[in-house]
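Peer 1: model this:
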Amino acid sequence: MGKKSSRSSRELSKQITKEKHVDIQIMDELHEAYRNNNFRVNPIDYIMLDKELRDEYEKEFGLDSNDTGYDYYTHEEQIERYAKNMLFWIKHTPNIGSNNLWKMNSDVQVKLIYVTNHMSQLKRKISELRPELQKAIHERVKELQLTK
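Peer 2: The predicted structure is shown next:
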């Protein structure tokens with residue numbers, strides 16, 4: 001095995017998604033980071049899906065998916081932004097039916113874990129908003145689902 005990485009798997013994933021060429025050392029560090037965290041899916045599949053969905057997110061929203069900066073939004077913009085974000089992740093949630101997670105193929109497992117992680121983060125952010133804003137976001141999600 002290689003030397004132990006001091007960078008987190010999230011830092012490594014961010015670096016990989018920013019670069020066109022993926023350095024083997026970074027991949028080894030990421031793999032080791034995932035192994036140390038008992039991550040059960042292939043990290044390479046996870047990285048490829050991350051890159052694919054970040055590219056699609058950036059194309060759909062016109063935002064850098066790695067940008068953690070803050071901006072100011074009107075009440076209506078905030079509702080629309082969160083509702084469209086929610087729909088983005090709903091659209092990418094794999095339909096697993098009654099399958100057991102561990103009986104699914106690797107690609108479906110990776111996508112399910114990735115998407116549910118992002119959905120969870122988004123729901124947590126929404127839950128921190130004022131109740132009336134939360135309600136408006138959920139109503140807007142329903143409206144947008146009916147128009148699609």
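
Peer 1: and residue 139, how far is that from residue 125?
Peer 2: With the distance defined as C-beta to C-beta, to the nearest Å, residue 139 ends up 17 Å from residue 125. (Each C-beta comes from the backbone N, C-alpha and C, glycine too.)

Peer 1: what about stretch 88-108, average pLDDT?
Peer 2: Model confidence over stretch 88-108, given as mean pLDDT, is 73.

Peer 1: now the end-to-end length of that stretch.
Peer 2: Distances were taken as C-alpha to C-alpha, to the nearest Å; on that basis the terminal residues of stretch 88-108 are 17 Å apart.

Peer 1: list the buried residues for the longest helix seen in the chain?
Peer 2: With DSSP state H applied, the helix covering the greatest number of residues in the chain is identified as helix 106-127. Buried positions in helix 106-127, judged by neighbour count with 16 or more other C-beta atoms under 10 Å: 109, 110, 111, 112, 113, 114, 115, 118, 119, 126.

Peer 1: I'd guessed the fourth one sits against residue 94; true?
Peer 2: Yes. Counting by C-beta atoms under 8 Å, a contact exists between residue 112 and residue 94, whose distance comes to 5.3 Å.

Peer 1: what's the host helix or strand of residue 90 in contact with?
Peer 2: Per DSSP states H and E: residue 90 is located in helix 75-91. For helix 75-91, contacts defined as C-beta atoms under 8 Å, 6 or more residues apart in numbering pick out 57, 60-61, 73, 115, 118-119, 122, 125-126, 129, 133, 136-137, 140-141, 143-145, 148.

Peer 1: quick revisit: quick one: the buried residues of helix 106-127 as CSV, columns for distance to residue 47 too.
Peer 2: Supplementary listing: those in CSV, determined by distance: C-beta to C-beta, whole Å:
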residue, distance to residue 47
109, 15
110, 10
111, 13
112, 16
113, 13
114, 10
115, 15
118, 15
119, 19
126, 27
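
Peer 1: related to what we said a few turns ago, buried residues in the helix holding residue 90?
Peer 2: So helix 75-91, judged by 16+ other C-beta under 10 Å, has buried residues 79, 80, 81, 82, 83, 85, 86, 87, 88, 89.

Peer 1: kindly report the same for stretch 61-79.
Peer 2: Of the residues in stretch 61-79, those with enough neighbours to count as buried (16+ other C-beta under 10 Å) are 65, 79.
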